[in-house]
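K.L.:
I need the structure of the sequence given here:
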Amino acid sequence: PSGVAFVEFAFTAPILLGLGMLGTETAYYVVTHMQISQIAMQVADNASRVGEFDVLEDKRVFENDITEVLVGAEKLGETIDIYENGRIIISSLQQNSDGGQWIAWQRCRGSKQHTSPYGATGDGASGTSFPGMGSGSKKIKASSGQAVMFVEISYTYDSLTPFDFLDDKEISYTAAFNIRDSRDLTRLYGSEQGQDVASCSQYTT
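P.N.:
Numbering: from 1, shown residues only. Presented below is the predicted three-dimensional model:
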């Protein structure tokens with residue numbers, strides 16, 4: 001009897017192990033989706049709040065403020081290597097002088113080669129042809145005197161187990177928040193003072 005049980009176990013163990021690993025991989029993939037969605041929302045929320053506080057004038061936002069937001073995203077996504085396998089893009093969507101939408105500035109971080117499908121810095125600077133940002137027919141738009149912090153994350157999934165059927169799948173999420181206070185929308189400050197710029201032309205972790 002013990003010999004029969006051993007043979008049965010030898011046949012069933014690989015199947016059980018395989019099913020267990022398959023379940024683990026699927027669960028990890030779903031959790032990774034949730035994490036990236038949460039990171040996108042947190043980055044957009046944080047970017048909407050930053051700025052130098054002064055009761056006498058609109059908040060000025062500095063390059064270091066945006067860099068700190070991106071560093072915070074690294075902490076949130078360190079278990080999935082967010083910057084080794086992905087890229088985060090923050091855009092300031094505003095109204096131009098013609099009442100149209102435009103991307104006033106854009107900052108990025110991450111080693112993944114990815115360009116925003118929604119636009120780049122300067123798009124829509126004049127006129128009203130730029131529709132706003134986001135997928136689908138209903139684009140996100142900024143109101144007059146306001147800005148929308150539009151965040152995109154593109155991430156290449158890295159399998160946890162030898163079941164690599166999900167490996168290299170692209171996970172993409174976006175999030176957007178209106179700025180929370182009166183903000184100086186003319187530009188990002190600080191680059192002239194030597195503060196690091198999270199340039200979208202660079203692919204770094």
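K.L.:
wait, Ile88 sits on Ile82?
P.N.:
Yes. Shown here, Ile88 and Ile82 form a contact pair, counting by C-beta atoms under 8 Å, at 7.3 Å. C-beta coordinates here come from the backbone N, C-alpha and C atoms, glycine included.
K.L.:
ok, these two, which is more surrounded?
P.N.:
It is Ile88, of Ile88 and Ile82, that has more neighbours when counted by other C-beta atoms under 10 Å, with 27 against 24.
K.L.:
Spatially nearest residue to Asp45, not counting backbone neighbours?
P.N.:
Phe177 (5.3 Å; C-beta to C-beta, 6 or more residues apart in numbering).
K.L.:
for Ser201, what are its contacts?
P.N.:
Not one residue lies near Ser201 by C-beta atoms under 8 Å, 6 or more residues apart in numbering.
K.L.:
Then Met133?
P.N.:
Taking C-beta under 8 Å, 6+ apart, one finds 91, 93, 101, 103, 118-119, 139-140, 148, 150, 176 in contact with Met133.
K.L.:
Can I have the buried ones of the residues you listed as a PyMOL selection?
P.N.:
Entered in PyMOL, the line below selects the buried ones among those, by 16 or more other C-beta atoms under 10 Å:
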select buried, resi 91+93+101+103+118+119+140+148+150+176
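K.L.:
Tell me which residue is most central in this protein.
P.N.:
Closest residue to the average C-alpha location of the chain: Ile153 at 2.9 Å, with C-alpha atoms, centre = their mean.
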